[in-house]
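[1] Compute the structure for the input listed below.
(2 chains)
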Number of protein chains: 2
Amino acid sequence: MGKKVIYIAGLGLIGGSLALGIKRGHPDYTVLGYNRSDKSRIIALERGLVDEATDDFAAFAPLADIIILAVPIKQTIVFLKTLSQLDLKDNVIITDAGSTKLEIVAAAEKYLMDKSVQFVGSHPMAGSHKSGAVAADGHLFENAYYIFTPSKLTKKSTIATLKDLLSGLQARFIEIEAAEHDRVTSQVSHFPHILSASLMEQAGEYAGEHDMTNRFAAGGFRDMTRIAESEPGMWTSILLTNKEAVLERISDFKQRLDRVAQLLSQDDEEAIWNYFAQARQTRKEMEIHKRGGVESFFDIFVDVPDEEDVILEILELLRGTSLVNIHINEENREDISGILQISFKNAKDLDHARKVITDNTDYNVFIE
Amino acid sequence: MGKKVIYIAGLGLIGGSLALGIKRGHPDYTVLGYNRSDKSRIIALERGLVDEATDDFAAFAPLADIIILAVPIKQTIVFLKTLSQLDLKDNVIITDAGSTKLEIVAAAEKYLMDKSVQFVGSHPMAGSHKSGAVAADGHLFENAYYIFTPSKLTKKSTIATLKDLLSGLQARFIEIEAAEHDRVTSQVSHFPHILSASLMEQAGEYAGEHDMTNRFAAGGFRDMTRIAESEPGMWTSILLTNKEAVLERISDFKQRLDRVAQLLSQDDEEAIWNYFAQARQTRKEMEIHKRGGVESFFDIFVDVPDEEDVILEILELLRGTSLVNIHINEENREDISGILQISFKNAKDLDHARKVITDNTDYNVFIE
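    Take a look at the predicted model:
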């Protein structure tokens, strides 16, 4: 394939992590970076995420074989327009990293249609509560979905070339139409953020009149409002670039609330029971119980007392097993104390864990 | 205070755990139990939760100084009526354990007004994903709120006597009006269950037409729908006995959705940003970041590779500290890999942890 020059615009968490992943798969490639602020540019150079960095986006674009725009959605669209006015390499591949795809793909088609470029939308589905080049992590995308949304400027080879470029990420590549991407993410991500923020807004106002509100909020409420702490700027852009699908989900949801209200007004016990039972069944059947929708988890639950070093004691018993997660549970309706949940990669380790914990402790062990 | 006879109707998780907590605080008291099904009754006797057990609710009621109804809400109301027809001890204290309080308090006042009894509503705010006498746990209510809702049949001494009876639970006792209890819990618990179940219902139907729906559902969606797996029968009863407050929350929420939809239709970027920013701020200020609304947590975050025994290695460094929780994070907007979050009871242990992990490993350690 020869040595390539990759240009990454935006050296934050996503751009920086992509740079590390690319260098892992292709140590011989040259990675150039753009960042507006000094800070992430300096860190990116210090950490070796990129070979050279600029604060002038147009400067490196003509040098690149592949350009990745890892900046906010609005900036991505601005840069697509900028690229249309630059003298780029023939057949350069351009892609992005935005959370919505339809407007970006449309902008690429609008601005770049007459140029000899390839464009495909990208959405690497990973994040962190950390940000900036300092948080860049070559393992960020391991087992995460990396979604390609083709455009009229996508050739057969475009996605294959990018998959090769990004092989070091160890992500799961998926191809889907941009409009369908935006519809699906409106349902499972964008609209839920509205539900969460609106519930938080509602409870915040309620707390002003009902002073036990904050104190009685338990595990369920905590779960429901966790994503209400997401970064406002990013979510504003996401909503505004996926307006139609989100509005449709809001409207659909209001009808569901109306129906529940009606059943409740009518004291329709059987229908309300069915409503809850169906929701429970749907979730149990959903791939949500599998990590990333593909790999299954194998969970064990251990009743543990609230004492020092109990977790350590159990982990010592499990030394060498493929433990993938561990946490003390606050599940379902209200607060729970002392259920240690440990997840394994396979059934063999699960069986082993059950045996050694049962044999060596008095703790109650169960598997759901 | 003398030896008392306590009668607990319902030997499931809640009733059984109350029995254990009472015996812990008052080993000399006699605890009698009722359970309809043989299974929990036999287990309760075998485990020593109760001294004697019956399947005839009326049989033991006349023997009791204190009667605790730990059965479903509807059954609680039936038993209050039954109690009105029995020859009870003079000045017997009757209480319950239901998740809604107004209807139960009203039923007690209606059926028991002419009798020489004391009644106060109770809501022990704890639960588990386990159930039955087999899961009963004397530590279930430690640090949990135990809410009393007075009635016209509550004397000054009623709650004091119950607090003494239940001292072994190590719960946090709170007194609040039944109507206010139901309003507050409608906001932080009952209505959120509707949001969660309806989101699950909506996504389930969407998945039928959009087959990537299940695969793209990440951490945020998982959080939002966790309580949709709650037990349908219990939640049906809760909604039906807190209809007015829940309907009011539904109606209020629809107006919030309308407002977001309007802002979105108008492309009002600033207002949408403010909406998300306010929700974030409200949650950050909420006591939700403190366990049970009282005790603060002290959290450290460690970047860990996906390797065997890494957690064990870290816990060995932390041996003897007051670690209260540990889990690998999937926070905020999408999936995250490899952030180990450890919570401590105090700042001293947090500082110690930061130091020993930094000194002894190469892992990146940060504190939010």
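
[2] Now do stretch A:340-350: distance to the chain's middle.
    24 Å (C-alpha atoms, centre = their mean, to the nearest Å).

[3] Contacts for the helix or strand hosting residue A:31, please.
    For residue A:31, the element it lies in under DSSP states H and E is strand A:30-34. Contacts with strand A:30-34, where a contact means C-beta atoms under 8 Å, 6 or more residues apart in numbering or on different chains, come from A:3-11, A:15, A:19, A:22-23, A:41, A:44, A:49-57, A:59-60, A:63-64. (C-beta placed from N, C-alpha, C; glycine too.)

[4] pLDDT on it, on average?
    Here strand A:30-34 scores 98 as its mean pLDDT.

[5] list the buried ones in that strand?
    A:30, A:31, A:32, A:33, A:34 (16 or more other C-beta atoms under 10 Å in any protein chain shown).

[6] Likewise for stretch A:243-255?
    For stretch A:243-255, by 16+ other C-beta under 10 Å, it's A:243, A:245, A:246, A:247, A:249, A:250, A:253, A:254.

[7] picking up where we left off before, can you name the element that comes right after the strand holding residue A:31?
    That would be, after strand A:30-34 and using DSSP H and E, helix A:38-46.

[8] Need the contact partners of that next one.
    So helix A:38-46 is contacted by A:11-12, A:16, A:19, A:33, A:35, A:49-50, A:52-55, A:132-134, A:136 (C-beta under 8 Å, 6+ apart).

[9] how far away is residue A:105 from chain B?
    The gap separating residue A:105 from chain B is 17 Å, by C-beta to the nearest C-beta, to the nearest Å.

[10] what do you get for residue A:355?
    18 Å.

[11] now that residue: how far from residue A:348?
    According to C-beta to C-beta, to the nearest Å, residue A:355 and residue A:348 sit 11 Å apart.

[12] and if you look at residue A:208?
    54 Å.

[13] So for those two, which residue has more residues nearby?
    residue A:348 (12 against 8; other C-beta atoms under 10 Å in any protein chain shown).

[14] neighbours around residue A:366, how many?
    15.

[15] Ignoring the adjacent residues along the chain, who's closest to it?
    residue A:301 (5.1 Å; C-beta to C-beta, 6 or more residues apart in numbering or on different chains).

[16] before we move on, which element is the one you found in?
    strand A:298-303.

[17] Give me the contacts around the helix or strand following that strand.
    Of the helices and strands lying after strand A:298-303 in sequence (DSSP H and E), the nearest is helix A:310-317. Outside helix A:310-317, the residues that touch it by C-beta under 8 Å, 6+ apart are A:302, A:304, A:323, A:326, A:340, A:342, A:353, A:356-357, A:360-361, A:363, B:309, B:311-312, B:315-316, B:318-319, B:323, B:326.

[18] Pull out the buried residues from the residues you listed.
    A:302, A:304, A:323, A:326, A:340, A:342, A:353, A:356-357, A:361, A:363, B:309, B:311-312, B:315, B:318, B:323, B:326.

[19] For residue A:175, give me phi and psi.
    phi -120, psi 130 (degrees, to the nearest 10).

[20] Number of residues surrounding it?
    With other C-beta under 10 Å as criterion, residue A:175 counts 12.

[21] Let me see the confidence value for it.
    pLDDT at residue A:175 comes out at 97.

[22] Next up, the contacts around it.
    A:147, A:148, A:149, A:150, A:159.

[23] which outside residues touch the strand or helix carrying the third one?
    Meaning residue A:149. Taking DSSP H and E as the definition, one finds residue A:149 inside strand A:145-150. Around strand A:145-150, the neighbours that count as contacts under C-beta under 8 Å, 6+ apart are A:101, A:105, A:120-125, A:158-159, A:162, A:166, A:169, A:171-178, A:181, A:292-293, B:215-216.

[24] May I have the strands that pair with it, each with its orientation?
    Next to strand A:145-150 in the sheet, as set by DSSP bridges, lie strand A:117-124 (antiparallel), strand A:172-175 (parallel).

[25] I'd like the ones you listed written out as JSON lines, with distance to residue A:140 added.
    Listed next are the strands paired with strand A:145-150 as JSON lines, based on distance: least, C-beta to C-beta, whole Å:
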{"stretch": "strand A:117-124", "distance to residue A:140": "8"}
{"stretch": "strand A:172-175", "distance to residue A:140": "13"}
